[in-house]
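Peer 1: I would like the atomic coordinates for the input below:
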Amino acid sequence: MFDWVGSAWNSLPEPLRDPVALAIPAFVALLAIEWFAAAKLEEGERGSYKGADARASVGMGLVSIATTTAWKTLALVGYSALYAYVAPWHLPADAWYTWVILIVGVDVLFYTYHRIAHRTRIIWATHQAHHSSEYFNFSTALRQKWNNSGEIVMWLPLPLIGIPPWMVFVGFSINLVYQFWVHTERIDKLPRAFEFVFNTPSHHRVHHGRDPQYLDKNYAGIFIVWDRMFGTYADEIERPHYGLTKPVDTYNIWTLQTHEYRSIARDVAASRSWRERLGFVLGPPGWTPSRPRRTETSSSSS
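Peer 2: As a prediction, the model looks like this:
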């Protein structure tokens, strides 16, 4: 079976070997269906669209295709070197257990990276654009970052344990394709057993919420069990309010992608010490230094 799959895979044109490319027709169809279903809703109602917001999301997604290709090309060189010269063994691509290790490994590394991205400001600067929409629908799933350098570094353990580099990219693409369908308000909670194991629209609505009880929760890609295991799980109790805690109020995709970098630069420039500079770069979003208050002293003469 695996020989046949490998042969069929190799016979595909190169652009079609990426599961994301294969899924694009489905993305477009689901976007159209959801948009049609939301046509009668008022802006701001659950499951609604706003044209300018959706266009910004699609625009960021189109640019991310090019930037991701560039990052993957760079990563392929490094992964191939690690796989060929450093990995102590090479896992067979036609073995079922290699694919299990790949899917689980990609997902736990995605959880780890995603959690770091929300708690380290310089990495949050690359990720925050995905959270900038105040709507939650399939177009939001396309609102992707343009700087994939953090993820490229996070995948390094996979070629090091002997997973072929091409499989690393396929595994992450499968993970990304799965996450598309969880960006919707049109699907309510699913059966309890499924909700317990897998990431779902209900879980991911929580992740995109800016309400205090939902912040920094549900980082899962495919399996929500990581959040349950590591204390970052929250159930959807009421409809979240979406977007950043400090809205950017623009649909300019360049501004949406870069405004946090500029904010970091301003904070670093205004810092009084290296501790403050490091805090503004490596601390969590919203970090501020604790500075002693100035007190006025009065003197009296006799």
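Peer 1: Buried residues, stretch 265-282. List them.
Peer 2: For stretch 265-282, burial by neighbour count (16 or more other C-beta atoms under 10 Å) applies to 267, 271, 276-277, 279-281. (Each C-beta comes from the backbone N, C-alpha and C, glycine too.)
Peer 1: now do stretch 193-204
Peer 2: 195, 198-204.
Peer 1: And for stretch 56-71?
Peer 2: 56-57, 59-61, 63-64, 68, 71.
Peer 1: ditto for stretch 218-226
Peer 2: Of the residues in stretch 218-226, those buried (16+ other C-beta under 10 Å) are 218-226.
Peer 1: just the buried residues of stretch 56-71 now: which is nearest Thr112?
Peer 2: Of all those, Trp71 has the smallest distance to Thr112: 18.3 Å, by C-beta to C-beta.
Peer 1: Which residue ranges of the stretch 101-250 of the chain form helices?
Peer 2: For the stretch 101-250 of the chain, helices defined by DSSP state H, counting those that start in this stretch occupy the ranges 121-127, 138-141, 149-154, 157-160, 165-180, 192-197, 201-208, 225-230.
Peer 1: Make CSV out of the ones you listed and add distance to Thr255.
Peer 2: CSV is the format used below for those (distance: least, C-beta to C-beta, whole Å):
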stretch, distance to Thr255
helix 121-127, 13
helix 138-141, 17
helix 149-154, 21
helix 157-160, 34
helix 165-180, 24
helix 192-197, 36
helix 201-208, 20
helix 225-230, 31
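Peer 1: Can you name the residues that contact Phe60?
Peer 2: Just to correct that, residue 60 is Met rather than Phe. Residues near Met60 by C-beta atoms under 8 Å, 6 or more residues apart in numbering: 129, 142-144, 146, 253, 256-257.
Peer 1: can you put these in CSV and add distance to Pro157 and pLDDT?
Peer 2: Shown next, in CSV, are the contacts of Met60 (distance: C-beta to C-beta, whole Å; pLDDT from 0 to 100):
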residue, distance to Pro157, pLDDT
Ala129, 27, 95
Leu142, 28, 88
Arg143, 28, 92
Gln144, 23, 92
Trp146, 24, 93
Ile253, 32, 96
Leu256, 31, 95
Gln257, 28, 95
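Peer 1: mind checking the longest helix of the protein?
Peer 2: helix 51-85 (DSSP state H).
Peer 1: That one: how far from the chain's middle?
Peer 2: 13 Å (C-alpha atoms, centre = their mean, to the nearest Å).
Peer 1: Could you give the average pLDDT over that helix?
Peer 2: Regarding helix 51-85, the rounded mean pLDDT is 89.
Peer 1: could you check the angle helix 165-180 makes with it?
Peer 2: 160 degrees (axes from the mean of the first three to the mean of the last three C-alpha atoms, to 10 degrees).
Peer 1: who touches the nearest residue to Ala220 once chain neighbours are set aside in this structure?
Peer 2: Leaving aside its chain neighbours, Ala220 sits nearest to Asn199 (4.1 Å; criterion: C-beta to C-beta, 6 or more residues apart in numbering). Residues in contact with Asn199, defined by C-beta under 8 Å, 6+ apart, are 178-179, 182, 218, 220-224.
Peer 1: where does His203 land on pLDDT?
Peer 2: 97.
Peer 1: what separates it from Phe194, distance-wise?
Peer 2: Distance of His203 to Phe194, given as C-beta to C-beta, to the nearest Å: 11 Å.
Peer 1: repeat for Thr67
Peer 2: 34 Å.
Peer 1: One more: Ala81?
Peer 2: Distance, Ala81 to Phe194, using C-beta to C-beta: 40 Å.
Peer 1: next one: Arg272
Peer 2: 52 Å.
Peer 1: Turn the buried residues of stretch 218-226 into a markdown table, including pLDDT and distance to Glu238.
Peer 2: Formatted as a markdown table, these follow (pLDDT from 0 to 100; distance: C-beta to C-beta, whole Å):
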| residue | pLDDT | distance to Glu238 |
| --- | --- | --- |
| Asn218 | 97 | 15 |
| Tyr219 | 97 | 20 |
| Ala220 | 94 | 20 |
| Gly221 | 95 | 25 |
| Ile222 | 96 | 25 |
| Phe223 | 97 | 25 |
| Ile224 | 97 | 19 |
| Val225 | 97 | 24 |
| Trp226 | 97 | 24 |
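Peer 1: Now do the contacts for the residue lying closest to Asn218 once chain neighbours are set aside.
Peer 2: Using C-beta to C-beta, 6+ apart and skipping residues adjacent in sequence, the residue nearest Asn218 is His207, 4.1 Å away. Neighbour list for His207: 214, 217-219 [criterion: C-beta under 8 Å, 6+ apart].
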